[in-house]
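In: I'd like to go over a predicted model; first the sequence, then the structure.
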Amino acid sequence: MKLVIQRVNHADVKIDKKEVGRINKGLLVLVGVTSDDDEKTVEKYFNKLVKLRIFEDENGKTNLSLKDVGGELLLVSQFTLLANCKDGNRPSFIGAGSPDEAKRLYEYMVDLGKKSDIHTECGVFGADMKVSLENDGPFTIVLEL
């Protein structure tokens with residue numbers, strides 16, 4: 001699994017010009033599922049994600065988590081995060097999870113978010129999405145555990 005985490009002031013995702021997800025202050029997370037991932041992997045990443053201390057406290061130190069600041073979460077599937085560009089100029093996606101399994105695990109992560117006390121929005125797996133955001137900082141982390 002690979003996550004690209006962006007601290008945002010706001011973000012939204014649209015399909016065919018129709019908004020399907022929107023958040024205010026929080027995290028926009030691009031989610032890539034590999035062929036080695038399972039429910040335990042998703043849980044590990046989700047728990048790490050919501051506990052990352054990447055929001056500023058009253059002293060301007062990145063010392064607060066998403067939960068601490070009452071932030072929101074926008075999860076967007078993106079298998080292209082798993083591109084292997086080592087050989088040649090055409091990326092290989094051989095390490096990406098099969099579409100059915102990747103969709104199931106992505107939706108499992110969305111469910112974890114919705115069952116938590118964090119306002120969670122999402123894109124649509126496999127759709128052609130347009131993602132807009134205002135990155136706060138900018139502050140972007142690539143998470144691979």
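Out: The structure has been received and is ready for your questions. Small disclaimer: the values here were computed from a predicted structure and weren't measured. Numbering: from 1, shown residues only.

In: Against Ile5, how distant is Glu72?
Out: Distance from Glu72 to Ile5, counting by CB to CB, to the nearest Å: 13 Å. Heads up, the C-betas are built off the backbone N, CA and C, glycines and all.

In: list residues touching both of those two?
Out: Both Glu72 and Ile5 are contacted by Leu27, under the criterion CB atoms under 8 Å, 6 or more residues apart in numbering.

In: mind checking which helix or strand Leu73 is in?
Out: Here Leu73, judged by DSSP states H and E, is contained in strand 72-77.

In: and that strand, what's its mean pLDDT?
Out: Mean pLDDT, computed over strand 72-77, is 98.

In: Show me what it is packed against.
Out: Secondary-structure packing of strand 72-77 (3 or more CB pairs under 8 Å, 6 or more residues apart in numbering; DSSP states H and E): strand 2-15, strand 18-23, strand 26-32, helix 99-115, strand 120-122.

In: now the first one and strand 72-77, what's the angle there?
Out: With axes from the mean of the first three to the mean of the last three CA atoms, to 10 degrees as the basis, strand 2-15 and strand 72-77 are set at 90 degrees to each other.

In: what's the answer for the fourth one, then?
Out: Regarding helix 99-115 and strand 72-77, their directions subtend 180 degrees when assessed with the same axes, to 10 degrees.

In: Which residues does helix 99-115 contact?
Out: Here helix 99-115 makes contact (CB under 8 Å, 6+ apart) with 31, 33, 35, 37-39, 41-43, 45-46, 73, 75, 77, 79, 96-97, 120, 122, 125-126.
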